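Participant: Test case, fold it:
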Amino acid sequence: MTTIDAPSLTAEAEAALRGAREHLLGLQSEQGWWKAELETNVTMDAEDLLLREFLGIRTPEDTADTARWIRSQQRAEGTWATFHDGPPDLSTTVEAYVALRLAGDAADAPHMRQAAEYVRGAGGVEGTRVFTRIWLAMFGLWSWDELPVMPPEMMYLPRWFPLNVYDWACWARQTIVPLTVVGSLRPVRALPFGLPELRTGRRPRPARDAWGRAFNGLDRLLHVYQRRPVRPLRTAALRRAAEWIVARQEADGCWGGIQPPWVYSLIALNLLGYDLGHPVMRRGIEGLERFTIRDERGRRLEACQSPVWDTVLAVNALADAGLPAGHPALTRAAGWLLDEEIRGPGDWSVRRPGLPPGGWAFEFDNDLYPDTDDTAEAILALRRVDRPDVRPAIDRAVRWLTGMASRDGGFGAFDADNTRTLCTKLPFCDFGAVIDPPSADVTAHVAEALAAEGMANTDVVRRAVVWLLRAQEEDGSWFGRWGANHVYGTGAVVPALVAAGVRPDGPPIRRAVAWLEAHQNLDGGWGEDLRSYDDPAWVGRGVSTASQTAWALLALLAAGERSSPAVERGVRWLVETQRPDGTWDEDHFTGTGFPGDFYINYHLYRLVFPVSALGRYLREARR
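Facilitator: Sure thing, here's the model as predicted:
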C-alpha cells in the first residue's frame with residue numbers, strides 16, 4: 001500500500017474544499033435556495049407527450065424537442081434503462097418507442113427496429129408493467145378488459161378498513177385516486193398506428209402465490225361489477241374522487257410536486273368534464289413548464305424538484321466547510337427555508353389528528369405532504385445559522401417529528417404507521433413502493449436531528465436507536481431506502497447512532513466500519529450499483545462516485561476513523577477526481593425513488609456531500 005503523507009493530504013483537501021465550497025456558493029439563487037436537476041428516465045418525457053396527445057395540446061415543437069431527447073438516451077443495442085449503465089428496462093423501452101412513433105419515427109427505422117427486437121425478446125407489451133399498459137389502453141393499444149380494476153368506490157372505504165386510500169403511501173394514494181376515475185371511464189383516443197411489432201401473443205403470467213390468486217379472483221369480480229356498476233354509487237364515487245383530487249392541487253398547479261399524480265389527475269379531471277380552460281386544468285398544464293428543461297439535447301421533464309432538500313443539504317455542507325453561522329449565504333437560505341415551513345394540516349393528520357403541524361416538504365409547493373427526512377435535515381441546517389427567528393420553527397419541527405414516530409419506534413418519510421402490506425398484494429401494484437414503512441436512513445436522520453436538540457435520552461430517540469440497531473444487516477451495513485443503497489444507509493445511520501450516544505468502539509459501529517472498509521474500491525472510492533436492490537451480489541459494489549465516497553467517509557469520520565488508511569484513501573480519491581471548477585463528475589445515479597424500479601440522479605449530490613466530508617475531515621485534523 002502506498003504511504004500517504006498526512007500533511008500533504010491535508011493541504012490538498014483544504015484546496016479541494018475551497019474550490020468546492022466556492023462552486024456551491026455560486027449556485028445559490030438570489031432568493032436563498034439551491035436547486036439542481038433531478039434526473040430520472042425517459043418515461044417522464046414519453047408520458048408527457050402522451051398526456052399532451054390525450055388532452056389535444058401536443059405541439060410540433062415540443063414533440064420534436066422531446067423526441068430528440070428520448071433518442072439521445074437510447075443505448076447502442078436499442079434499449080432504454082432506468083439508470084445510467086443499468087440493464088435495459090422493458091416498460092421504459094416500450095414507452096419511449098410509443099412516444100417516438102407518436103413523433104413520427106417509422107417502425108422500420110433502424111433504431112426502432114432495434115428497440116422492437118428487444119421488446120419482443122423481453123416479453124413484448126404483454127410483459128410490461130400495469131402503468132405502461134394503462135397508457136396503451138388510453139390510446140387503443142391495449143384492452144381495458146385485460147387490466148386490473150381499481151373502482152372509485154374505494155373512496156368510501158373507512159379509514160380503519162383495509163385498502164382505504166390512506167393505507168397507501170402518499171405518492172401512491174395521489175396516483176391511485178385519479179386512476180380509479182380513468183379505469184372506470186376507460187377512455188380510448190386512438191392513435192394512427194398499432195403496435196403489432198411489439199407483441200408476442202403470450203398472455204401476462206397470473207400470480208402463483210396465495211395472495212395473488214385471491215386478489216386475481218377479486219379482480220374478476222370487480223370486472224363483472226365494472227360492466228354493470230350501481231350507477232348512483234358510481235356517480236357519487238366519481239364525484240368524491242374529483243373533489244379529493246381538486247382539494248390536493250398545489251399552488252403551482254402540481255399534485256404532490258411529482259409527475260405521476262399530476263398527469264393522471266389532469267387526465268381524470270378532463271374525463272369528468274373539466275375543460276382545458278378550467279382554472280384547475282389551466283394551472284396544472286401551465287405548472288408543467290416549471291418542471292421542463294430545454295437545452296441543446298432537447299426537452300425533458302423533471303419527475304420532481306428538490307429545492308428544500310438541496311438547500312438544507314447545502315447549508316449543512318457549507319457549515320461543515322467552515323462558513324460562519326452569520327454568513328450571508330446561510331442567513332439568506334434560512335430566511336427562504338422559514339418561508340417554506342408548512343404550518344397547516346395534511347394527509348399525515350389522518351393518523352396523527354391531534355399533532356400540531358411544523359415541518360418542510362421536498363419541493364417548492366407541496367404543502368399537504370411535509371416529510372420527516374427534509375424536516376430533520378432542516379432542523380440540523382437551521383441550528384447552524386445565526387438568526388434569531390429560527391428557534392420557533394425548529395421547536396415546531398421537533399414537536400412534529402416527535403409525533404410522527406411509528407409504533408415500532410422508526411420513522412417513515414411522509415406518514416406514521418403506513419405499514420399495511422395488503423396494498424402490495426394487489427395485481428395493480430407491480431411497480432414501485434406503495435407503502436411508506438419506517439426506513440433506516442430516514443429514522444437515522446430524525447434521530448440525529450433530535451439528538452442535536454439535546455434529546456438523545458428521550459424515549460423517542462431511544463426507541464429510534466433500538467429500531468436502528470435491530471435493522472442492522474448481518475454484514476454490518478444498513479439498507480438505504482432513499483439512496484443507493486447500503487452505502488447510503490450506513491452513511492446515514494453511523495453518524496446518527498454516535499450522535500445519539502452509541503459508543504464508536506461498540507460492536508454495531510465496529511461492524512459497520514468493517515463493512516465499509518471491506519467494500520472500499522481499489523481506487524480509494526466507494527460505489528454501489530443500483531442493481532443491489534435486486535441482486536445481493538451487487539451490495540456494496542459499483543463504480544466509485546463522489547456522493548457515495550462522501551457517505552462512506554461521513555460514517556467513518558463519525559466512528560473516529562479520521563486517521564485510518566480507508567479515510568485517507570477516500571479523501572485522496574475525492575482530491576484527485578475533483579474537476580477544475582470545484583465539483584465532481586457523477587453520471588451514475590445514487591438516489592432512489594422506488595427500490596428496484598425508479599432511480600434518481602440528484603445533480604447536487606456530487607457536490608454537497610463531498611463538501612461535508614472534506615469539511616468534517618479537516619475539522620478533525622484541526623483538533
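
Participant: distance of Asn164 from Ile267?
Facilitator: From Asn164 across to Ile267, the span is 23 Å (CB to CB, to the nearest Å). The way it works is simple: take the backbone N, C-alpha and C, and place the C-beta from them, glycine included.

Participant: So for these two, which sits in the more crowded spot?
Facilitator: More crowded of Asn164 and Ile267, by other CB atoms under 10 Å: Ile267, with 23 against 18.

Participant: so what secondary structure elements neighbour the helix or strand of the chain with the lowest mean pLDDT?
Facilitator: Here the helix or strand of the chain ranked lowest by mean pLDDT, DSSP states H and E is helix 210-227, holding a mean of 83. Under the contact definition 3 or more CB pairs under 8 Å, 6 or more residues apart in numbering; DSSP states H and E, helix 210-227 sits against no other helix or strand.

Participant: Can you name the next helix or strand after that helix?
Facilitator: helix 231-247 (DSSP states H and E).

Participant: Run through who's touching the next helix or strand after that next one.
Facilitator: Going down the chain from helix 231-247, the next helix or strand is helix 259-271, by DSSP H and E. Outside helix 259-271, the residues that touch it by CB atoms under 8 Å, 6 or more residues apart in numbering are 44, 47-48, 51, 54-55, 138, 171, 174-175, 177-179, 181-182, 185, 187, 241-242, 245-246, 249, 254-256, 276, 278, 280-281, 284-285, 287-288, 291, 301-304.

Participant: need the strands for the stretch 501-623 of the chain, in chain order.
Facilitator: 591-594, 598-602 (DSSP state E, counting those that start in this stretch).

Participant: Partner strands of the last one and their direction?
Facilitator: For strand 598-602, sheet partners with direction are given as strand 38-39 (antiparallel), strand 591-594 (antiparallel), following DSSP bridges.

Participant: Can you report the mean pLDDT over the residues of that strand?
Facilitator: What strand 598-602 shows for mean pLDDT is 97.

Participant: cool, and stretch 512-529?
Facilitator: When pLDDT is averaged over stretch 512-529, the result is 98.

Participant: May I have that stretch exported as CSV, CA atoms only?
Facilitator: Extracted in CSV, the C-alpha atoms of stretch 512-529 (Å, rounded to 0.1, in the frame of the first residue of the first chain):
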residue,chain,number,x,y,z
ALA,A,512,-20.3,-1.0,10.1
VAL,A,513,-16.7,0.2,9.9
ALA,A,514,-15.5,-3.2,8.9
TRP,A,515,-18.2,-3.4,6.2
LEU,A,516,-17.2,-0.1,4.8
GLU,A,517,-13.5,-0.9,4.8
ALA,A,518,-14.2,-4.2,3.1
HIS,A,519,-16.2,-2.5,0.3
GLN,A,520,-13.8,0.3,-0.5
ASN,A,521,-12.8,0.1,-4.1
LEU,A,522,-9.2,-0.3,-5.2
ASP,A,523,-9.1,3.3,-6.4
GLY,A,524,-10.0,4.5,-2.9
GLY,A,525,-13.6,5.5,-3.5
TRP,A,526,-16.9,3.8,-2.8
GLY,A,527,-19.7,3.0,-5.1
GLU,A,528,-22.8,0.8,-5.1
ASP,A,529,-24.7,-0.1,-8.2
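
Participant: chain center to that stretch: distance?
Facilitator: 24 Å (CA atoms, centre = their mean, to the nearest Å).

Participant: Which residues does that stretch contact?
Facilitator: 472, 475-478, 484-488, 490, 493-494, 538-546, 548-549, 551-552, 555-556, 559, 561, 564, 566, 569-570, 572-574, 577, 588.

Participant: Out of these, which sit inside helices?
Facilitator: Using DSSP state H, the members of the contacts of stretch 512-529 that fall in helices are 486-488, 490, 493-494, 546, 548-549, 551-552, 555-556, 566, 569-570, 572-574, 577.

Participant: can you map out the helices along the stretch 401-550 of the chain?
Facilitator: 440-452, 459-471, 486-499, 507-518, 546-558 (DSSP state H, counting those that start in this stretch).

Participant: Dump these into CSV; add mean neighbour count as well.
Facilitator: Shown next, in CSV, are those (neighbours: other CB atoms under 10 Å):
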stretch, mean neighbour count
helix 440-452, 26
helix 459-471, 19
helix 486-499, 28
helix 507-518, 19
helix 546-558, 28
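
Participant: will you turn those helices into CSV that also has distance to Gly78?
Facilitator: Converted to CSV, the helices of the stretch 401-550 of the chain look like this (distance: least, CB to CB, whole Å):
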stretch, distance to Gly78
helix 440-452, 36
helix 459-471, 41
helix 486-499, 32
helix 507-518, 38
helix 546-558, 30
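
Participant: Please export the C-alpha coordinates of the least confident helix or strand of the chain as CSV.
Facilitator: What follows is helix 210-227, C-alpha atoms only, in CSV (Å, rounded to 0.1, in the frame of the first residue of the first chain):
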residue,chain,number,x,y,z
ALA,A,210,-51.9,-17.4,-2.4
TRP,A,211,-52.4,-13.7,-2.1
GLY,A,212,-52.0,-13.2,-5.8
ARG,A,213,-54.6,-15.9,-6.6
ALA,A,214,-57.0,-14.4,-4.0
PHE,A,215,-56.7,-10.9,-5.5
ASN,A,216,-57.0,-12.2,-9.0
GLY,A,217,-60.3,-13.8,-8.0
LEU,A,218,-61.4,-10.5,-6.5
ASP,A,219,-60.3,-8.7,-9.7
ARG,A,220,-62.5,-11.0,-11.8
LEU,A,221,-65.5,-10.0,-9.6
LEU,A,222,-64.6,-6.3,-10.0
HIS,A,223,-64.5,-6.7,-13.8
VAL,A,224,-68.1,-8.0,-13.6
TYR,A,225,-69.0,-5.0,-11.4
GLN,A,226,-67.2,-2.7,-13.8
ARG,A,227,-69.6,-3.8,-16.6
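
Participant: that older thread, which of the contacts of helix 259-271 count as buried?
Facilitator: With burial judged by 16 or more other CB atoms under 10 Å, the buried subset of the contacts of helix 259-271 is 44, 47-48, 51, 54-55, 138, 171, 174-175, 177-179, 181-182, 187, 241-242, 245-246, 249, 254-256, 280-281, 284-285, 287-288, 291, 301-304.
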